[in-house]
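Enquirer: Let's see this in three dimensions:
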Amino acid sequence: MADINDDTVSPIAGPEHRSYWPDRALAAAGIVLAAAAAFFPWYVFFNEDKFGIKVAAIDHTRDLPHTGPRNVFSVSPMAMINKNKNPNPQMLPGDQLTTASVSKIGKDKAGEAPAVEQPFPGTTGFRLLHVANGRAMIEDNSGMYMVQIGSILPDQSRLASLEQRNGKWVIVTSTGAVVNAE
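Expert: Reported below is the predicted structural model:
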């Protein structure tokens, strides 16, 4: 038969009485620190005078010395006294070197045609794009232009009027041509 010992086994030897106060103190300090971190921004917000930016007072006035005003003298050339002994000084001669000249080529003589006849470039057609506020936008081969009544058009005529005919805008030129909007 088996020999069984029914004796109870004692626990492993350790401290008899364990103290938990350091753990509790550390936890309490953490809670207090967290509460202070949450409360401090509100404290700063409500006490702006203690934590705000302090602006130096600027005084826009100054104390003037009590010496009285200074004498003011006129510096106008008319008020200056001529200290020259000769009342009419001799003027120095000007620079006699000619630096440029103007050509007389192309000037008209009385009753004659100009020396150089220069025609304008050929007339180009243009089209009306848009009309607004008394102005018209036109386009030709070289680009777009804003014109108004009296402006020179690409065909060398002038803009006589902007009219609305049958619900569409048209340009009437000084030559009588009518340009419809596209």
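
Enquirer: make it CA atoms for all contacts and neighbour counts henceforth
Expert: Fine.

Enquirer: With only the CA atoms kept, save the helix or strand of the chain with the lowest mean pLDDT in PDB.
Expert: Least confident helix or strand of the chain, by mean pLDDT, DSSP states H and E, is helix 48-51 with a mean of 82. In PDB, the C-alpha atoms belonging to helix 48-51 read as follows (Å, rounded to 0.1, in the frame of the first residue of the first chain):
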ATOM      1  CA  GLU A  48      -5.500  87.400 -18.400                       C
ATOM      2  CA  ASP A  49      -4.100  90.400 -16.600                       C
ATOM      3  CA  LYS A  50      -1.500  88.200 -14.800                       C
ATOM      4  CA  PHE A  51      -0.500  86.200 -17.900                       C
END
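
Enquirer: what about the strands in this protein?
Expert: Remark: strands assigned in the chain by DSSP state E are 127-132, 135-140, 143-148, 159-165, 168-173, 178-180.

Enquirer: List the buried residues of the longest one.
Expert: In terms of neighbour count (16 or more other Cα atoms under 10 Å), strand 159-165 has its buried residues at 159-163.

Enquirer: quick one on the thing from earlier: any idea which of the strands of the chain is most buried?
Expert: Mean neighbour count (mean count of other Cα atoms under 10 Å) peaks for strand 168-173 among the strands of the chain, with a mean of 20.

Enquirer: Which parts of this structure are helices?
Expert: For the chain, applying DSSP state H gives helices covering 21-46, 48-51.

Enquirer: Now render the ones you listed as a markdown table, adding distance to V131.
Expert: Shown next, in a markdown table, are the helices of the chain (distance: least, Cα to Cα, whole Å):
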| stretch | distance to V131 |
| --- | --- |
| helix 21-46 | 60 |
| helix 48-51 | 61 |
